[in-house]
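J.: this one's sequence-less:
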């Protein structure tokens, strides 16, 4: 079963890490993050980012490792999950294309870590992609790819203030729209792949 495959495929890991990073899209989350942390000092803001990053890391690990197993236990066909994931990712990409950013505001308070980690960074699209990937490419490849994407995301979160000052919100929103096109491409690929598998199964039965 592919979700317990321990073989490492570096080309797959490289491509998948780009996909996961694109879905997480931390750059599009930077304006909302900076605004949410604007009332805190640099040290306290870094503490929140570090804590949120731990949650992000945990979520990536959880959905990369148990997602495929859950599908297997529930008897869900990966082809249908691919189609559902394609539809969900396309909806996310369209929303990002229209707005150019993720949610514009985060509720600041005791639980600020939660909205930073999810849904701002690890949203439904990321979770769905990880579940599907762990089933298709195996846990090890999905974990490696998610950790590479996490490392890049963590660096961006740490320097989010500098990114806003250097690039400005308008440019960041433009990047968000560009990333939405990439996400849409992944969505189409996943949808078509799932549909092709279903048609192939129907024709062979």
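T.: Noted; the coordinates are in hand. Bear in mind that the values here come from a model prediction, so they are computed numbers and not experimental data.
J.: Please count neighbours and contacts with C-alpha atoms only from this point.
T.: Will do.
J.: Just the helices from the protein, written as ranges.
T.: Remark: helices assigned in the chain by DSSP state H are 10-24, 26-36, 42-74, 78-99, 113-115, 124-137, 139-158, 160-204.
J.: quick one: average confidence on the shortest one?
T.: Yep, that's helix 113-115 we're talking about. When pLDDT is averaged along helix 113-115, the result is 74.
J.: try the longest one
T.: The average of the pLDDT scores along helix 160-204 is 83.
J.: That one - contacts with which helices or strands?
T.: Applying 3 or more Cα pairs under 8 Å, 6 or more residues apart in numbering; DSSP states H and E, one finds that helix 160-204 contacts helix 10-24, helix 26-36, helix 78-99.
J.: Give me whichever of those is most buried.
T.: Among the helices and strands packed on helix 160-204, helix 26-36 has the highest mean neighbour count (mean count of other Cα atoms under 10 Å), at a mean of 23.
J.: packing partners for that one?
T.: Using 3+ Cα pairs under 8 Å, 6+ apart: helix 26-36 touches helix 139-158, helix 160-204.
J.: Can you say which of those is packed in most?
T.: Between the helices and strands packed on helix 26-36, helix 139-158 has the highest mean count of neighbours, a mean of 21, where neighbours are mean count of other Cα under 10 Å.
J.: by how many degrees do it and helix 10-24 diverge?
T.: Going by axes from the mean of the first three to the mean of the last three Cα atoms, to 10 degrees, helix 139-158 is angled at 40 degrees with respect to helix 10-24.
J.: which helices and strands sit right next to helix 139-158?
T.: Counting contacts by 3+ Cα pairs under 8 Å, 6+ apart, helix 139-158 packs against helix 10-24, helix 26-36, helix 42-74, helix 124-137.
J.: where are the low-confidence patches of this protein?
T.: 1-6, 99-112, 205 (pLDDT under 70).
J.: what's near enough to touch residue 71?
T.: Taking Cα atoms under 8 Å, 6 or more residues apart in numbering, we find residue 71 in contact with 77, 78.
J.: before we move on, back to that, could you dump the helices and strands packed on helix 160-204 into TSV with distance to residue 169 added?
T.: Formatted as TSV, these follow (distance: least, Cα to Cα, whole Å):
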stretch	distance to residue 169
helix 10-24	18
helix 26-36	6
helix 78-99	12
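J.: Which one, of these, ends up nearest to residue 53?
T.: helix 26-36 (11.6 Å; Cα to Cα).
J.: Kindly calculate the angle that that closest one makes with helix 139-158.
T.: 40 degrees.
J.: From residue 197, how far off is the closest residue to residue 57 other than its chain neighbours?
T.: Distances taken as Cα to Cα, 6 or more residues apart in numbering put residue 150 closest to residue 57, at 6.8 Å, once the chain neighbours are dropped. Distance, residue 150 to residue 197, by Cα to Cα, to the nearest Å: 31 Å.
J.: how about the nearest residue to residue 10 once chain neighbours are set aside, what does it touch?
T.: The shortest distance from residue 10 to any residue other than its chain neighbours is 7.9 Å, reached at residue 141 (Cα to Cα, 6+ apart). Each residue near residue 141 by Cα under 8 Å, 6+ apart is listed here: 6, 7, 8, 9, 10, 12, 13, 134.
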